[in-house]
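Undergrad: I would like the atomic coordinates for the input below:
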Amino acid sequence: MSQTILIHDNEDLKKLYSLNLKTYAGTDIVERGNAADAISLLAILPSIDLIITTNSIENEQTAVVLHKYLKENELEIPLIVLGDCPAISQDTLCLKSPADWEVLIKHAAKLLGITEEDVQKKVKPNHVPIALRYFYEIDHTPCDVYIRIKKGTGDFDYVKRLYAQDSFDSNDIDKYEAQGLKDFYIPKDYQQYFVNFVTNSLIQKLEISSLDIEDRLNVNSVGYDLVADHIENFGIDEGIQDLAKGSIKSMIATTKQAPKLASLLKMLLSSKISYAYQHAHLVCVIGNFILSKQQWYKEKHLEIFATAAFFSDITLKSPEQIRINSDDDAKASKLEQAELDHVNTHAADAAQLIVGTPLYTEYLFAVIQQHQGSMDGIGFPEDPTEDIHPIARVFIVADYFVKLMLDPKAPKNKKDILSIIYARFTQDSYHKITKVLELKIN
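TA: This next block holds a predicted model:
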């Protein structure tokens, strides 16, 4: 998949452009705040396929600075400028600002080698897929629901299976899952409404104090997946922030009452709980134990840690991406370069995601950005330094341990696992953290 840098200072337009570029031009969006941020990324990822930028941000001539950098470094990356920019307009595509998203998509697709016919097929879908797992958390829907039957190449029939306001239960959904169905389809005009409907249902369930731990884990998992899907398609709006906060609060409650590791693993390895949530929850559990043994620990640190665990990998799209924990893992993977590039920057991307939201604090931003051991959130340093935030150091060790624990190919002997961690992180504070981890797994 191609990768596009998008620079814009208007959050609403940025969300609009990101969603439609992803949906219709099939390109991954990497958001950056200004020319300097973009150039820092280009220095390590010169394989970016397209740059879209507003002409200027505050006092910076953003487009001119980028254009100069591309020329000086002989990078043949197409540049689309949103707004007048006479200094470079002779050899750069400049669109009026604010640009109509369909016009932007048309030009972006052409530069990315996507035909107009391909774009048009995507621009006018009548139905959108909704993952089957979301229907386990509701007992009726606000709209008609369909299954898709293939007629021929690129040609489908949509057959109504659930009617608006019809009642159903998990057994009904089980029957569809048993037949191999992964997605239902709903009319595209109802997509945002449907997401809000499921979101409200999940928030209500998360607020039930008597929910047992297994049910809570399932609801947390669906909440996590819905937040991840929504962020990919629509960004992080107010409604999804409420669900994220409810899910994090519930995850903290579950972490505090967590059973022994073996019992928790058995619950988490349910087929209905995604790898992404298994990983996030276990990191929170292990991290909570380590944090609680630190002399400086306060209750607020668990909330920071749990929020970091929730958001750290939320921009990644597959278990294969989440499992990568080093440059060696990346080289050994079968992922495409664009997917690897996304992994390489995901810590910085996740940190940037919370900027401008009520979730943001300097501590949280630092922990998320540094959770892979890099100060700027890019790459996988072989031996993270003591400069990393103390909570992020705990996160790094907990994250590495959890990935080993969930890897069927990794050693299962506790001493072997600890030996790997000690060898991976050689700095004194990381060894102290690992010694605390020994108490948890002995």
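Undergrad: alpha carbons only for contacts and neighbour counts from here, please
TA: Noted.
Undergrad: State the pLDDT value of the residue nearest to residue 187 when sequence neighbours are not counted.
TA: Computed as C-alpha to C-alpha, 6 or more residues apart in numbering, the closest residue to residue 187 that is not its neighbour in sequence is residue 127, at 4.5 Å. In this model, residue 127 is scored at 84, pLDDT.
Undergrad: Only C-alpha atoms, please: export stretch 55-66 in CSV.
TA: Taking C-alpha atoms only, stretch 55-66 is exported to CSV below (Å, rounded to 0.1, in the frame of the first residue of the first chain):
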residue,chain,number,x,y,z
ASN,A,55,0.9,26.2,1.4
SER,A,56,1.9,27.7,4.8
ILE,A,57,1.5,27.0,8.5
GLU,A,58,1.7,30.1,10.8
ASN,A,59,4.9,31.9,9.7
GLU,A,60,6.4,28.9,7.9
GLN,A,61,6.4,28.6,4.1
THR,A,62,5.7,24.9,4.4
ALA,A,63,5.3,24.1,0.7
VAL,A,64,8.4,26.1,-0.4
VAL,A,65,10.5,24.4,2.3
LEU,A,66,9.4,20.9,1.3
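Undergrad: Neighbours of the residue nearest to residue 187, how many?
TA: Close neighbours of residue 127, defined as other C-alpha atoms under 10 Å, add up to 18.
Undergrad: Who are the contact partners of it?
TA: 185, 186, 187, 188 (C-alpha atoms under 8 Å, 6 or more residues apart in numbering).
Undergrad: just the residues you listed: which has the poorest pLDDT?
TA: Least confident of the contacts of residue 127 in the model: residue 188, at 84.
Undergrad: quick one: low-confidence parts of the stretch 151-300 of the chain?
TA: Applying pLDDT under 70 to the stretch 151-300 of the chain picks out residues 152-155, 258, 271.
Undergrad: what's stretch 343-361 in contact with?
TA: Here stretch 343-361 has contacts from 30-31, 236, 311-316, 321-322, 324, 365-366, 368-372, 376-380, using C-alpha under 8 Å, 6+ apart.
Undergrad: Out of the residues you listed, list just those in helices.
TA: Of the contacts of stretch 343-361, the ones assigned to helices by DSSP state H are 311, 321, 322, 365, 366, 368, 369.
Undergrad: quick one: which of those residues has the most company?
TA: Most neighbours among the ones in helices among the contacts of stretch 343-361, by other C-alpha under 10 Å: residue 368, with 31 neighbours.
Undergrad: does it really touch residue 308, like I thought?
TA: Yes: with contact defined as C-alpha atoms under 8 Å, residue 368 counts as touching residue 308 (5.4 Å).
Undergrad: domain ranges for the protein?
TA: Annotated domains of the chain cover 2-122, 125-206, 209-441 [automatic domain parsing].
Undergrad: Residue most distant from the centroid, the chain?
TA: Largest separation from the mean C-alpha position in the chain: residue 90, at 38.0 Å (C-alpha atoms, centre = their mean).
Undergrad: Grab the nearest non-local neighbour of residue 268.
TA: Using C-alpha to C-alpha, 6+ apart and skipping the chain neighbours, the partner closest in space to residue 268 is residue 278 (5.8 Å).
Undergrad: Buried residues, the host helix or strand of that neighbour. List them.
TA: Secondary structure assignment for residue 278, by DSSP states H and E: helix 275-292. Within helix 275-292, the residues that count as buried by 16 or more other C-alpha atoms under 10 Å are 275-291.
Undergrad: Name the residue closest to the centre of this protein, please.
TA: When C-alpha atoms, centre = their mean is applied to the chain, the residue found nearest the centroid is residue 315 (1.7 Å).
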